[in-house]
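**Q** Next comes the sequence, and after it the predicted model I'd like to discuss.
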Amino acid sequence: MAAELARHLRWARREGVETLPIVEAAPLAPALEAPRVPPDLDGIRADLGDCRRCGLCEGRTRIVFGDGAPSAELVFVGDRPGADEDERGLPAVGPAGELLEKMIGAMGFARHEVYLTDTVKCRPPGDRAPTPDEVATCRPYLRGQLAAIRPKAIVALGQAASQALLGGDAPISNLRGQWQELEGVPVMPTFHPAYLLRNPGEKAKVWNDLKLVLAALGRDVPERAR
């Protein structure tokens with residue numbers, strides 16, 4: 001192409017033909033990046049696969065990913081699966097989960113209308129709290145779940161879940177009942193249902209926290225729960 005252009009210019013000068021000025025072509029604009037599409041829960045679960053990213057995989061029976069509405073306006077995040085969750089592969093199905101389901105019902109929701117998950121997706125041995133490294137390994141999947149669901153509010157159940165979502169080392173006794181924020185989404189830390197089974201006198205505090213969540217969602221407290 002360049003050789004043909006040069007021959008044409010020589011011919012034009014020889015014949016006295018006026019030519020247009022040559023303007024150097026502008027570089028091609030870089031291709032626009034595709035808009036970032038929020039992940040979907042099925043894709044996140046597929047990416048998690050048969051996870052072997054930390055030592056918790058050694059003792060688990062099943063991965064406990066999450067359960068509930070993929071577009072829920074309210075998400076509950078616990079600390080870790082227990083024995084019942086590990087056996088069934090679903091969050092919040094043991095004694096503490098049964099209490100949580102009653103709490104959800106008192107708020108006027110059915111279980112399938114909210115979303116339930118944990119900071120780690122495998123049961124720690126002896127039902128111990130997950131370590132910071134284990135939480136960090138699972139955090140991208142938890143954050144991916146929240147990004148996919150885009151809830152209006154998050155309830156962090158217990159100290160481990162609150163610290164995993166919000167960072168820091170503040171005890172749950174200092175955090176509960178006080179609105180926090182995670183990337184623009186309000187987070188309400190409160191006591192874990194397992195703690196309430198051991199300390200039933202604290203249920204009123206948790207109910208007060210959940211009423212704040214209802215108010216943030218623009219929902220009234222159900223008549224039967226007043």
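**A** Thanks, I have the structure now. On a predicted model such as this, the values are computed, not experimentally measured, just so you know. Numbers count the residues shown, from 1 in each chain.
**Q** For this structure, which residues score under the pLDDT cut-off?
**A** Applying pLDDT under 70 to the chain flags the ranges 1-38.
**Q** Let's check: the centremost residue of the protein is which one?
**A** residue 146 (2.3 Å; Cα atoms, centre = their mean).
**Q** which residues does that one contact?
**A** 75, 154, 182, 185 (Cβ atoms under 8 Å, 6 or more residues apart in numbering). C-beta here means a position set from N, CA and C on the backbone, and glycine is covered the same way.
**Q** Residue 137 now?
**A** Contacts of residue 137 by Cβ under 8 Å, 6+ apart are 53-54, 120.
**Q** and the residues you listed as TSV, adding distance to residue 137 and secondary structure?
**A** Shown next, in TSV, are those (distance: Cβ to Cβ, whole Å; DSSP: H, G, I helix; E, B strand; the rest coil):
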residue	distance to residue 137	secondary structure
53	5	coil
54	4	coil
120	8	coil
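**Q** Can you select the buried ones among those for me in ChimeraX?
**A** Buried subset of the contacts of residue 137, written as a ChimeraX selection, criterion 16 or more other Cβ atoms under 10 Å:
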select :54,120
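**Q** would you list the contacts of residue 137 in a markdown table and tack on distance to residue 132?
**A** Formatted as a markdown table, those follow (distance: Cβ to Cβ, whole Å):
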| residue | distance to residue 132 |
| --- | --- |
| 53 | 15 |
| 54 | 11 |
| 120 | 11 |
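**Q** And the helix or strand that contains residue 147, what's buried?
**A** Using DSSP states H and E, residue 147 sits in helix 132-149. Neighbour-count burial for helix 132-149 flags 134-135, 137-138, 141-146, 148-149 (criterion: 16+ other Cβ under 10 Å).
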